[in-house]
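below are the sequence and a predicted model; questions follow.
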Amino acid sequence: MPSPGRALVFPPNARILEDAFQAKMAALTVDQNPASIVGGTTTDTAGDRAWAETGQVSPPAISRPDHPITNVRVVPKPHRLRDKRHREFVAAQACVVCGRKPSDAHHLRFAQPRALGRKVSDEFTVPLCREHHGALHRCGNETRWWKDAGIDAIGIARDLWGQTRSNGTAA
């Protein structure tokens, strides 16, 4: 069952749709040198030059395994690691601001790009007592809060992550 607002495309209709798409793509022209299109170079093969003489957009680079795309930078999606034992280890430490226990494992929100409804990775957690944890969340600007406290939260989180990885307490 498709999602609301999405139509089913059955094989016969898919072929008609694909043919119409290919015809539309073939009809497009470019007002610039076709060699400047993604995946193209000025040292293209004879087949590419023949295509360029038509004045049409070159075939998609993804369908050209002989010409890998080299001018595109792939930005990997940050992984959000989850490790309950690491969070328990962090919570067992004293608050990094005042030294009180018990602590909560606070996720450093500025350490990774935002993701819809997702916390940052557990590797970016530091221990904070309830008082400082609440104050930090009420502050609104987490980066400024850490700077005002004079604490390198990322460095502490990195050290704690390294400790759980080196002594085998985490999965």
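Sure thing, it's come through. Numbers count the residues shown, from 1 in each chain.

can we go C-alpha only for contacts and neighbour counts from here?
OK.

list the buried residues in the helix or strand where Trp146 lies.
Element membership for Trp146, per DSSP states H and E: helix 142-149. Judged by neighbour count using 16 or more other CA atoms under 10 Å, the buried positions of helix 142-149 are Trp146.

break the protein into its domains for me.
The record's domain parsing of the chain by automatic domain parsing lists 11-63, 84-166.

winner for burial among those domains?
domain 84-166 (a mean of 16; mean count of other CA atoms under 10 Å).

okay, now the unreliable bits of the protein?
For the chain, residues meeting the criterion pLDDT under 70 lie at 1-11, 29-76, 78, 167-171.

what's in contact with the helix holding Trp146?
The contact list for helix 142-149, computed with CA atoms under 8 Å, 6 or more residues apart in numbering, reads 97, 108-110, 136, 139, 152-153.

okay, those in CSV with secondary structure and distance to Arg80 next?
Putting the contacts of helix 142-149 into CSV (DSSP: H, G, I helix; E, B strand; the rest coil; distance: CA to CA, whole Å) gives the following:
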residue, secondary structure, distance to Arg80
Val97, coil, 26
Leu108, coil, 12
Arg109, helix, 12
Phe110, helix, 13
Leu136, helix, 22
Cys139, helix, 24
Asp152, coil, 21
Ala153, helix, 18
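
and those residues as TSV, adding distance to Lys77?
Below are these laid out as TSV (distance: CA to CA, whole Å):
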residue	distance to Lys77
Val97	32
Leu108	18
Arg109	16
Phe110	16
Leu136	27
Cys139	28
Asp152	25
Ala153	23
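
confirm Ile151 sits in a strand?
No. Going by DSSP: H, G, I helix; E, B strand; the rest coil, the assignment for Ile151 is coil, not a strand.

contacts only, for it.
Residues near Ile151 by CA under 8 Å, 6+ apart: Val97.

out of the contacts of helix 142-149, who's nearest Gln163?
Ala153 (15.3 Å; CA to CA).

please identify the helix or strand for Arg158.
Applying DSSP H and E, one finds Arg158 within helix 153-166.

check which helices and strands that helix sits against.
Secondary-structure packing of helix 153-166 (3 or more CA pairs under 8 Å, 6 or more residues apart in numbering; DSSP states H and E): helix 84-91, strand 125-128.

may I have the longest helix along the chain as CSV, with CA atoms only?
For the chain, the longest helix by residue count, based on DSSP state H, is helix 11-27. This file holds the C-alpha atoms of helix 11-27, laid out as CSV (Å, rounded to 0.1, in the frame of the first residue of the first chain):
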residue,chain,number,x,y,z
PRO,A,11,5.0,-2.0,-15.1
PRO,A,12,3.2,-1.1,-18.3
ASN,A,13,2.7,2.5,-17.0
ALA,A,14,6.2,2.6,-15.7
ARG,A,15,7.6,1.9,-19.2
ILE,A,16,5.4,4.7,-20.7
LEU,A,17,6.5,7.1,-17.9
GLU,A,18,10.2,6.2,-18.4
ASP,A,19,9.9,6.7,-22.2
ALA,A,20,8.3,10.1,-21.8
PHE,A,21,11.0,11.1,-19.3
GLN,A,22,13.8,10.0,-21.7
ALA,A,23,12.1,11.9,-24.6
LYS,A,24,11.8,15.0,-22.4
MET,A,25,15.5,14.8,-21.3
ALA,A,26,16.6,14.3,-24.9
ALA,A,27,14.7,17.5,-26.0
